[in-house]
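**Q** Sequence plus predicted model, see below.
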Amino acid sequence: MISQVKLSRRNYVGGEDWRRDAIFIAISIAVIIATIIILIRSGLAGARYEAPKHPLYLVLSELIYVTQLSLIGIRLSIIFNRGMGYKIRSTELIKVVTAQTFASLLMPGFYIGGEAVSIAYLTFKGLPTTRATEGITFRYTVDTITLTSIVLILYLFNLVIIPYIALIIALILLMAYAILFITIVSARLGKYIEHMFRFINSRIKIIRNFILMNENEDYGLKLSLVDYFVLFLVSITQWLLSGLNVMLIFYSFGVHIGIITGILISSSYTILTYISVLPGSAGIGELANLYVLNSLKLGNYYLAYDIWFRIITYIVPLIMLMPAFLSISRKLTMINTNHRNPQ
């Protein structure tokens with residue numbers, strides 16, 4: 001985590017780093033295309049492709065994607081402003097989320113990996129690094145508990161067929177993040193993070209430029225039951241929108257699936273791609289989509305769906321979110337320069 005914070009402040013906008021990022025993107029797109037071709041040629045996936053009959057649905061799907069990012073910013077506002085007592089504008093947190101999401105698309109995992117950008121920026125705004133880390137971790141914890149609970153509810157009420165691998169991973173993630181949730185609320189995680197940072201500070205001098213520590217910091221969250229309710233409600237709304245996003249992609253092909261099916265496809269995909277070795281979950285994301293769609297008897301639409309899913313959630317966001325990322329990373333780079341060249 002510390003090395004990621006250092007990278008987010010110093011390396012993301014260097015002269016040679018845009019070339020590195022471009023290489024990452026090129027490799028991911030190449031892996032996505034190669035995986036699709038291999039699946040088709042091996043007979044595991046059908047080669048049927050239909051151009052979108054109703055392109056407007058794809059535009060709506062992209063707008064919903066952007067709306068989801070706004071909801072993440074609102075959750076962070078609840079966590080930091082109400083739970084921790086810091087005053088950060090929701091609009092600024094939404095901007096941080098867009099920058100974090102852009103970074104995540106360049107790093108292994110799906111929407112995971114760019115936390116260092118958010119933590120570094122919040123530290124730059126004056127928050128202790130331990131608190132920033134605690135808050136970002138809690139947001140992921142709430143989202144994961146919500147996501148896995150949705151999958152389990154769909155299974156328990158037999159609302160739709162659940163792919164077994166996704167169900168097993170959902171159970172494992174729910175148990176792990178439920179423990180993490182208790183650890184954060186009980187203020188234990190913040191203390192663990194503080195001890196870790198203090199140990200690193202004592203061993204690596206340069207790291208002190210990237211970590212802000214406060215003495216006698218209070219950890220945990222001071223959220224009311226209403227706050228927790230709103231926090232999870234907003235998280236549920238985001239995952240519902242994610243399912244609507246998928247549904248609209250299918251609608252663009254003239255295929256009418258229900259919102260429940262859309263939620264299952266979206267949630268199963270996210271669960272199956274939580275860990276990836278390539279940016280954008282390249283390769284494993286294609287396998288996850290094939291597995292989920294085949295489980296739901298929608299495999300005939302795999303090629304068209306996977307292509308447009310990637311365009312809406314990967315290609316277009318890389319373009320749209322870049323300005324926010326560059327804006328924030330420039331500020332972090334300036335701070336690092338000041339540390340290196342004090343007046």
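**A** On my side now, so go ahead. Numbering: from 1, shown residues only.
**Q** contacts and neighbour counts: CA atoms only from here.
**A** Will do.
**Q** Low-confidence stretches in this protein?
**A** For the chain, the stretches flagged by pLDDT under 70 are 1-18, 108-113, 201-210, 212-216, 277, 334-343.
**Q** for residue 269, what are its contacts?
**A** Neighbouring residues of residue 269 by Cα atoms under 8 Å, 6 or more residues apart in numbering: 285, 288-289, 292.
**Q** next one: phi and psi at residue 86?
**A** Dihedral angles of residue 86 (phi, psi; degrees, to the nearest 10) stand at phi -90, psi 150.
**Q** How about the contacts made by it?
**A** The contact partners of residue 86, by Cα under 8 Å, 6+ apart, come to 80, 127.
**Q** And it, how far from residue 62?
**A** Distance, residue 86 to residue 62, by Cα to Cα, to the nearest Å: 32 Å.
**Q** what does residue 106 give?
**A** Note on residue 106: its distance to residue 62, by Cα to Cα, is 19 Å.
**Q** Between those two, point out the one with more neighbours.
**A** residue 106 (26 against 20; other Cα atoms under 10 Å).
**Q** Which neighbouring residues are in contact with residue 94, exactly?
**A** Neighbours of residue 94 in contact, by Cα under 8 Å, 6+ apart: 69-70, 72-74.
**Q** make that residue 265, sorry
**A** Each residue near residue 265 by Cα under 8 Å, 6+ apart is listed here: 243, 246, 289, 292-293.
**Q** Let's have the residues you listed in TSV, adding neighbour count and distance to residue 326.
**A** Formatted as TSV, the contacts of residue 265 follow (neighbours: other Cα atoms under 10 Å; distance: Cα to Cα, whole Å):
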residue	neighbour count	distance to residue 326
243	21	30
246	24	29
289	24	31
292	25	35
293	20	36
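**Q** which of those residues lies closest to residue 318?
**A** Nearest to residue 318, judged by Cα to Cα, of the contacts of residue 265 is residue 246 at 19.0 Å.
**Q** just checking, that closest one touches residue 262?
**A** Yes: Residue 246 is within contact range of residue 262, at 5.2 Å (criterion: Cα atoms under 8 Å).
**Q** Next, count neighbours for residue 330.
**A** 18.
**Q** Let me fix that, I meant to ask about residue 304.
**A** 18.
**Q** do you know how far it is from residue 48?
**A** In terms of Cα to Cα, residue 304 sits 8 Å off from residue 48.
**Q** for residue 40, same thing?
**A** Residue 40 sits 9 Å away from residue 48, going by Cα to Cα.
**Q** quick one: which of the two has more around it?
**A** residue 40 (15 against 12).
**Q** Let me know whether the more buried one touches residue 47 as I believe.
**A** Yes: counting by Cα under 8 Å, residue 47 is a contact partner of residue 40 at 5.8 Å.
**Q** Helices - which of the contacts of residue 269 land there?
**A** 285, 288-289, 292 (DSSP state H).
**Q** now the helices for the protein?
**A** Under DSSP H, the chain gives helices at 2-10, 17-41, 56-77, 90-105, 115-124, 129-156, 164-185, 188-203, 225-252, 259-272, 284-295, 302-310, 316-320, 322-340.
**Q** looking at those helices, which is buried most?
**A** Mean neighbour count (mean count of other Cα atoms under 10 Å) peaks for helix 115-124 among these, with a mean of 25.
**Q** So which elements touch it?
**A** helix 2-10, helix 90-105, helix 129-156, helix 322-340 (3 or more Cα pairs under 8 Å, 6 or more residues apart in numbering; DSSP states H and E).
**Q** and with 7 Å instead?
**A** Secondary-structure packing of helix 115-124 (3 or more Cα pairs under 7 Å, 6 or more residues apart in numbering; DSSP states H and E): helix 2-10, helix 90-105, helix 129-156.
**Q** Compile those into a markdown table and extend it with columns for distance to residue 20.
**A** Output for the helices and strands packed on helix 115-124, formatted as a markdown table (distance: least, Cα to Cα, whole Å):
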| stretch | distance to residue 20 |
| --- | --- |
| helix 2-10 | 13 |
| helix 90-105 | 13 |
| helix 129-156 | 26 |
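**Q** closest to residue 326 out of the ones you listed?
**A** The nearest among the helices and strands packed on helix 115-124, by Cα to Cα, is helix 90-105 at 7.8 Å.
**Q** ok now that closest one, how far from the chain's centre?
**A** Remark: helix 90-105 is offset 10 Å from the chain centroid, using Cα atoms, centre = their mean, to the nearest Å.
**Q** Out of the contacts of residue 94, which two sit at the greatest distance?
**A** Spatially, the most separated pair among those is 69 and 74, at 8.9 Å (Cα to Cα).
**Q** Mind listing residues that contact stretch 247-254?
**A** The contact list for stretch 247-254, computed with Cα atoms under 7 Å, 6 or more residues apart in numbering, reads 52-55, 57-58, 61, 256-259, 262, 305.
**Q** Recalculate using a threshold of 6 Å.
**A** With Cα atoms under 6 Å, 6 or more residues apart in numbering as the contact definition, stretch 247-254 has outside contacts at 52-55, 57-58, 61, 262.
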